[in-house]
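Student: Let's see this in three dimensions:
(chains A and B)
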There are 2 protein chains.
Amino acid sequence: MLGLLRAHGPLSRGELGKRCGLSRTTLYDILAGLLADGVVVAREAGPGTGADTAPRGRGRPAETLALNPAAGQAIGIDFARRAVHVAAVNVAHEIVGSAGEPHPADLPWPERVAIAAHLIGTLTGGPLRLSTLTAMGVGVVGPVVGPPDETAGAPPLETLLRERFGMPVLVDNNTRLAALAESIWGAAAGHQDVLYLRLSHGVGGGLVTGGSLHRGAYGLSGEFGHIPVHPTEGARCECGGVGCLETVASVNAVLAAYRAAGGQADDLADLAAAAQAGDTLALGVLREVGAMIGTVLAALSNAIGPQVIVVGGELTRLGAPLIEPIEEALAAHVMRISRHRVGLRRATLGDAGGALGGIALVLHESPLLSRYPAEPDPEERPMNHSRRP
Amino acid sequence: MLGLLRAHGPLSRGELGKRCGLSRTTLYDILAGLLADGVVVAREAGPGTGADTAPRGRGRPAETLALNPAAGQAIGIDFARRAVHVAAVNVAHEIVGSAGEPHPADLPWPERVAIAAHLIGTLTGGPLRLSTLTAMGVGVVGPVVGPPDETAGAPPLETLLRERFGMPVLVDNNTRLAALAESIWGAAAGHQDVLYLRLSHGVGGGLVTGGSLHRGAYGLSGEFGHIPVHPTEGARCECGGVGCLETVASVNAVLAAYRAAGGQADDLADLAAAAQAGDTLALGVLREVGAMIGTVLAALSNAIGPQVIVVGGELTRLGAPLIEPIEEALAAHVMRISRHRVGLRRATLGDAGGALGGIALVLHESPLLSRYPAEPDPEERPMNHSRRP
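Tutor: Okay, the predicted model is just below:
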C-alpha cells in the first residue's frame, strides 16, 4: 500500500483497490491501521487532482489517501571528527532536510548525541514520529577514534543512541556511507563502479564495485588516507604508518604546509582566499598536494577500474587551485587507455553525505546494497568499535 | 545425470534411477544418448566397487556407468608474453593436466596458436573430443599487446582460434584469470576478498571483492603494474606512464637493476643463485624491489581490504630474498588494525594459473563468477582488443 502511494502519489480508495487487487474488506482494514498510525492521511480530493477524474463511489466522500509527509522519517546521523550532521527523509524517501553543527574534536560522546538529538528536532519540527522506522543509520569515523583512556568505561555509542531514540542503530564508516550516498543521490548516481575520496580533517573514501557498495574483508576498505605517498621519509601518521596521504592532504596538513612555506592562514577560508588572490605560496602548496592526491587516484583507478571518481570534503572548497593539479596528476598516471573514460567529479551532497548514506543503509533499498550485510558481522565489532565509547 | 555421476562417481543404472527420480524409460533413453556420445562409459562392476553392494537386477549384467575421463575436456589457453600455457579438465572438472612452451616475445599470433594446438594434443593424447564443450577460455596480456603495425590486417585472435578449434572462445585478461584460478583452486581457495599480484615479464593482478571476480568498468582492473612508485623521477613505462611498478618489479627490470649495480646475471636463475649464495649486491637489489612491491600491496590492502594477498609469477621464484622484504614493507604500511588479518601467500598454481582461469571462466560454475559477464561487453572490445591481432 505504501509502495503504491509512494509510486503514484495520492489515490482514492477505489484506485488503491484496483491497483493492489486486495478484497475491499482487507484493503479497508489495512488502510484503517495506516490512518490510525498517522502514516497515511486522508484528504478531500479537490478539483484538478488525479483522483478527481476517478469514478466516485456513490455514497462515499470524494477523498484521497496519501503518505503523511510528517510521519515515518528515516534518520541518518554522521558523527564526523569535528561536527555532527543529520539528515531525514520522509516515508516517500524524499529528503526532508539536513543540518549540521561543528564541535571541538574531543567532545565527549554523550554531548555529541545531544547535538544530534537537537538537530533532528530542528529538522522534523518536534519529537520524532518513527512508528514506521525500524532503525537509524549512523556514520562514525573508523576505525581509530580518540584515545582509548578518554572513553574507558563509557557505554558504547549504540547504547547511547538506543537510549536516546528508542530504536536500534546501524553503525558504519561515515566515509563509506558518503560514498554510498553520492552513488545513489549525488555526483555518481547510477554508476556501477565508483571511487569516492573525502578530503577533510581525515582522509578516507569508499568504493562501489560492480554495482555493490564494497565493505572489504573485516569491514576495512576505502582507507585511502593511509596509502603511503612518502613511505620512507614521510611524517608519522595517526594510524601508526609513515607518510600516509592523510599526513599531506588533510585540512590541517595542508594548512601546516602553507604555514611552513611562510604563509599565514587561520583556517581553510584564509587559504582559499590567498589562492584565489593568486598568492604563489598558496598555489605552490596546493599544486604539490594536488599532485599527490591525483597520483593516488591514478594508482587506485588503475587497480580498481572505476567509471567515476568523486572527490568531496572540506578541502575541495579550495576549488580549482587544488582540483586542477589533481586532474593533471590523474591524467598523467592513469593508464592511457582509460584516461578519457574515467571522469573526476566534485561531490554534490556536501556535509550531508554521511548522514544520507546512513539513511540509505537503513532503508537498504538501493541495489548497491544488494550484497551488503544488513548488520555488520559481530566478529568485526572489536576492531571497528573497540576504540569508540 | 552428469551431475550425479560427477558427485557420486560410478553408479549402477538402478542407483542412478533412484537418485534422479526419472522413469526407467526416460532414464534409459538419456543414458543411451550419453553412451552413444562417449560422454558416459559402461564398465563391469568388479568386486570392491560401491556398485557391487547395490541390489542387482536379475537378468541385467553387473554394470556401472561412469563419466568418460577422455571425453568433454574443457580447455584453457594462456597466451602470456613469452610463453603459451594450456590446461585441460575432464567433464568431472578434474584437472587432466597442463603444459607450456616458451617463445620469443614477438612471435606472430598464428604460430602461438599452433603452439597451443600442439600442447593441447599432448595433454589430451590426440585430437580434441569436445562434444560437450561449448567454448574455450583464453587469457591474453591486456590491454597493450605488441605494436599495432606488426599485426595490422591480421585476423583477430578469436577468429584464429575458432578456425583452429571449431568453437567460440571467451577471451579475458590472463592475469585476472590467474587470480580467479588461485581463488578457486589455489592459494586463496574459499576466500571472498582476494588480491592477486603477478610479478613476471609484466606486472599485473586481479581482484576478488565480496565473493566476485572484479572486472572493473570497461574491463579494466588489476593493473597493479601501472601503479606509480616513482611518479616524478621514474623510468618511462610501456604504458606511457612514468615510474610504474612494472618499471622496477618486472623480471627484466630486476635483472637490469642488478646489472646496473655491477652484478652479472643472464637470467632469473643466475640472480636467484647469487641471492642464495649471499651476494650482497643481489640481496640489496631484491630488498629495494621487495620494499616497493610491499608498499604497493599495503596501499592496495588499505584501499580494498582483502583477506588474502597472493603473489605469483616468475619473480617469486627468487624466494625469501624477495618475499621477506615484501612482507616487511607490507607490515610497515598496512593499517595496524589489519596487520595480523591480511595474509601474504605464494601462488600455488604456477604457470598454469591463467589457463586454469580460462577454464573456470568457460565453465562459469564458480560463485566467484556469479556477477561476472559471461561475454565481455561488445562495447569494450575496441579497447581490450584493438591492439591484438
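Student: List the beta-bridge partners for residue A:41.
Tutor: residue A:66 (DSSP bridges).
Student: Show the pLDDT at it.
Tutor: We have a pLDDT of 84 for residue A:41.
Student: tally of neighbours for it?
Tutor: Other residues lying near residue A:41 total 16 when counted by other Cβ atoms under 10 Å in any protein chain shown. All C-beta atoms are positioned from the backbone trio N, CA, C, and that covers glycine.
Student: ok, now residue A:23?
Tutor: Every residue meeting other Cβ under 10 Å relative to residue A:23 is counted, giving 10.
Student: now do the one 4 residues further on
Tutor: Here the neighbour count serves as a burial measure; for residue A:27 (other Cβ under 10 Å) it reads 17.
Student: Tell me how far it lies from chain B.
Tutor: Using Cβ to the nearest Cβ, to the nearest Å, we find residue A:27 at a distance of 39 Å from chain B.
Student: Contact partners for residue A:289?
Tutor: Contacts for residue A:289 (Cβ atoms under 8 Å, 6 or more residues apart in numbering or on different chains) come out as A:248-249, A:254, A:257, A:322, A:325.
Student: and what of residue A:241?
Tutor: Counted by Cβ under 8 Å, 6+ apart, residue A:241 has contacts A:226, A:228, B:332-333, B:335-336.
Student: Equivalent analysis for residue A:369, please.
Tutor: A:180, A:212-213, A:360-361.
Student: Please repeat the previous calculation with a cut-off of 7 Å.
Tutor: residue A:213 (Cβ atoms under 7 Å, 6 or more residues apart in numbering or on different chains).
Student: Per-residue pLDDT of it, please?
Tutor: Looking at residue A:369, the pLDDT reads 84.
Student: Same question for residue A:294.
Tutor: 97.
Student: which residues touch it?
Tutor: Residue A:294 touches A:325-330, counting by Cβ under 7 Å, 6+ apart.
Student: quick revisit: so of the contacts of residue A:241, which ones are in helices?
Tutor: Judged by DSSP state H, the subset of the contacts of residue A:241 located in helices is B:332-333.
Student: Pick out the most distant pair among the contacts of residue A:241.
Tutor: Across the contacts of residue A:241, no pair lies farther apart than A:228 and B:336, at 13.4 Å, counting by Cβ to Cβ.
Student: the more surrounded of the two?
Tutor: residue A:228 (24 against 13).
Student: Which positions are bridged to the more buried one in the beta structure?
Tutor: If you apply DSSP bridges, the partners that residue A:228 bridges to are residue A:244.
Student: now it: how far from residue B:210?
Tutor: 25 Å (Cβ to Cβ, to the nearest Å).
Student: As a markdown table, the contacts of residue A:289 with pLDDT would be great.
Tutor: Conversion of the contacts of residue A:289 to a markdown table gives the following (pLDDT from 0 to 100):
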| residue | pLDDT |
| --- | --- |
| A:248 | 97 |
| A:249 | 98 |
| A:254 | 98 |
| A:257 | 97 |
| A:322 | 98 |
| A:325 | 98 |
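Student: filter those residues down to the ones near chain B?
Tutor: Among those, no residue is within reach of chain B (Cβ under 7 Å from any Cβ of the partner chain).
Student: What is the nearest of those to residue B:159?
Tutor: Taking these together and measuring to residue B:159 by Cβ to Cβ, the closest member is residue A:325, at 45.5 Å.
Student: Then that closest one would be within a strand, right?
Tutor: No. Going by DSSP: H, G, I helix; E, B strand; the rest coil, the assignment for residue A:325 is helix, not a strand.
Student: so it touches residue A:292, yeah?
Tutor: No. Counting by Cβ atoms under 7 Å, residue A:292 is not a contact partner of residue A:325; they are 9.0 Å apart.
Student: I'd like to check the angle between the helix ranked longest in chain A and helix B:280-304, please.
Tutor: As assigned by DSSP H, the longest helix anywhere in chain A is helix A:280-304. Interaxial angle of helix A:280-304 relative to helix B:280-304 (axes from the mean of the first three to the mean of the last three Cα atoms, to 10 degrees): 90 degrees.
Student: hang on, the earlier thing: selection in ChimeraX covering whichever of the contacts of residue A:294 are buried, please.
Tutor: Here is the ChimeraX selection string for the buried members of the contacts of residue A:294, based on 16 or more other Cβ atoms under 10 Å in any protein chain shown:
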select /A:325,326,327,329,330
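Student: now the contacts of residue A:294 in CSV, with distance to residue A:270?
Tutor: Output for the contacts of residue A:294, formatted as CSV (distance: Cβ to Cβ, whole Å):
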residue, distance to residue A:270
A:325, 20
A:326, 21
A:327, 24
A:328, 25
A:329, 25
A:330, 27
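Student: Can I get stretch A:179-187 as PDB, trimmed to CA atoms?
Tutor: Presented in PDB, the C-alpha positions along stretch A:179-187 are these (Å, rounded to 0.1, in the frame of the first residue of the first chain):
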ATOM      1  CA  ALA A 179      30.300   7.100  -1.000                       C
ATOM      2  CA  LEU A 180      27.000   5.200  -0.900                       C
ATOM      3  CA  ALA A 181      25.000   8.500  -0.800                       C
ATOM      4  CA  GLU A 182      27.000  10.000  -3.700                       C
ATOM      5  CA  SER A 183      26.400   6.900  -5.700                       C
ATOM      6  CA  ILE A 184      22.600   6.900  -5.000                       C
ATOM      7  CA  TRP A 185      21.700  10.600  -5.000                       C
ATOM      8  CA  GLY A 186      24.900  12.500  -5.700                       C
ATOM      9  CA  ALA A 187      27.700  13.000  -8.300                       C
END
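Student: residue ranges for the helices of the stretch 1-150 of chain A, please.
Tutor: Assigned by DSSP state H, counting those that start in this stretch, the helices in the stretch 1-150 of chain A fall at A:2-8, A:13-20, A:24-37, A:109-124, A:148-151.
Student: Please identify the most buried of these.
Tutor: helix A:109-124 (a mean of 18; mean count of other Cβ atoms under 10 Å in any protein chain shown).
Student: Name the residues that touch that one?
Tutor: Contacts of helix A:109-124 (Cβ under 7 Å, 6+ apart): A:73, A:75, A:77, A:79, A:84, A:86, A:88, A:96-97, A:99, A:101, A:103, A:128, A:154, A:157, A:160-161, A:164, A:389.
Student: For chain A, give me the ranges with low pLDDT.
Tutor: Residue ranges of chain A with pLDDT under 70: A:6-7, A:45-62, A:69-72, A:91-92, A:124-135, A:143-155, A:374-389.
Student: Domain boundaries for it, per the record?
Tutor: Taking automatic domain parsing as the domain assignment, the ranges for chain A are A:2-67, A:74-175+A:369-385, A:187-348.
Student: Looking at the contacts of residue A:294, which is nearest chain B?
Tutor: Proximity of the contacts of residue A:294 to chain B (Cβ to the nearest Cβ) peaks at residue A:329, which lies at 7.5 Å.
Student: nearest residue to the residue of the stretch 51-200 of chain A found nearest chain B other than its sequence neighbours?
Tutor: Of all residues in the stretch 51-200 of chain A, residue A:193 sits closest to chain B, at 4.1 Å by Cβ to the nearest Cβ. Excluding the flanking residues, the one nearest residue A:193 by Cβ to Cβ, 6 or more residues apart in numbering or on different chains is residue B:217, at 4.1 Å.
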